[in-house]
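Undergrad: got a sequence here, can you build the structure:
(one chain, ligands or ions: 1)
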Amino acid sequence: MSAIAHKSVPLPDDIRARKGGVPIVSLTAYTTPMAQLMDAHCDFVLVGDSVGMVLHGLESTLGVTLEMMILHGRAVKRGLSRAMMVVDMPFGSYEESREQAFRNAARIMAETGAGAVKLEGGVQMAPTIAFLTGRGIPVMAHVGLTPQSINTLGGYKVQGRGAAGEALLADARAVAEAGAFSVVLEKLPAALADRVTEAVDIPTIGIGASAGCDGQILVVDDMLGLFTAFKPKFVKRYASLGDEAEAAIATYAAEVRARAFPAPEHVFADTEPMK
Ligand code: KIV
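TA: As a prediction, this is how the structure comes out:
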């Protein structure tokens, strides 16, 4: 598998310049070891608020806090030397006012070393995006299915079907005009994702969108088969690590019960040098 050859960590402007070019590769990460594995292969890594569901067992992303995002952001940053890191702003940390958004985004940037923050919302959040980008905080936008709004969207449904497509186009245009350097398009019809990609001058990053987007993102635990509580249609499992891990744990448990582990090579003799 070939790794990408970055001269240095890409900046949001480098990602913006990839519009219409070789597709941008990204995955989510929440820990140092996983970030290390993807550093050579991804253009940017997202510390997504999906961490709440994937690692903390929450039912939705609504319970994720700023402190959790900062803690995981710091861990991921330690694993990256080539890919840019984007950190999600969690629910309740930016919607109240532009000032609240700036204060919390500034904390994320300063305390994690992120290159940018991501926030959910289209037309409604455009003034906030303009406020942040005008004050030195690069913003990745996120429209379509915005999981922090499941209670008003009525669940994790495909967005922008039929007449709602125009509103979604307006959302994407609004965040691009407000200064977002890229926009995640989540769970919308492929033809609409292609229209949005044509309509805006910033890269679109698809998840459940279209192969025509300027880039793609997946939740890493989904694509590795580590998170198996449910599998959205848009997830392709590239591995079944959850099954492998469970089989390994079952073998370990059986060997402990049978006193087959530890074996002689795993224990220390009196005569062995202290190590
Ligand atoms: O939180 C997350 O993982 C995300 C991606 C699904 C885009 O926002």
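
Undergrad: all contacts plus neighbour counts: C-alpha atoms, from now on.
TA: Fine.

Undergrad: what's next to the longest helix anywhere in the chain, contact-wise?
TA: The residue-count maximum for a helix in the chain (DSSP state H) belongs to helix 241-257. By CA atoms under 8 Å, 6 or more residues apart in numbering, the residues outside helix 241-257 that reach it are 224-228, 261-262.

Undergrad: quick one: distance of it to the chain centre.
TA: Put simply, helix 241-257 sits 29 Å off its chain's centre (CA atoms, centre = their mean, to the nearest Å).

Undergrad: and what of stretch 216-235?
TA: The chain centroid and the centroid of stretch 216-235 are separated by 12 Å under CA atoms, centre = their mean.

Undergrad: look at it and report the distance between its end residues.
TA: For stretch 216-235, the separation between the terminal residues is 11 Å (CA to CA, to the nearest Å).

Undergrad: buried residues of it, list them for me.
TA: Counting neighbours by 16 or more other CA atoms under 10 Å, one finds that the buried residues in stretch 216-235 are 216-227, 235.

Undergrad: neighbours of the closest residue to R18 other than its chain neighbours, how many?
TA: Nearest residue to R18 in three dimensions, chain neighbours excluded: P203, at 6.8 Å (CA to CA, 6 or more residues apart in numbering). Neighbour count of P203, defined by other CA atoms under 10 Å: 28.

Undergrad: thinking again about what came up before, now, the buried residues of stretch 216-235 that are in helices?
TA: Per DSSP H, the buried residues of stretch 216-235 map to helices at 220-223.

Undergrad: could I get the residues you listed as JSON lines with distance to A29 and pLDDT?
TA: Compiled in JSON lines, those are given as follows (distance: CA to CA, whole Å; pLDDT from 0 to 100):
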{"residue": "V220", "distance to A29": "7", "pLDDT": "98"}
{"residue": "D221", "distance to A29": "9", "pLDDT": "97"}
{"residue": "D222", "distance to A29": "11", "pLDDT": "97"}
{"residue": "M223", "distance to A29": "12", "pLDDT": "97"}
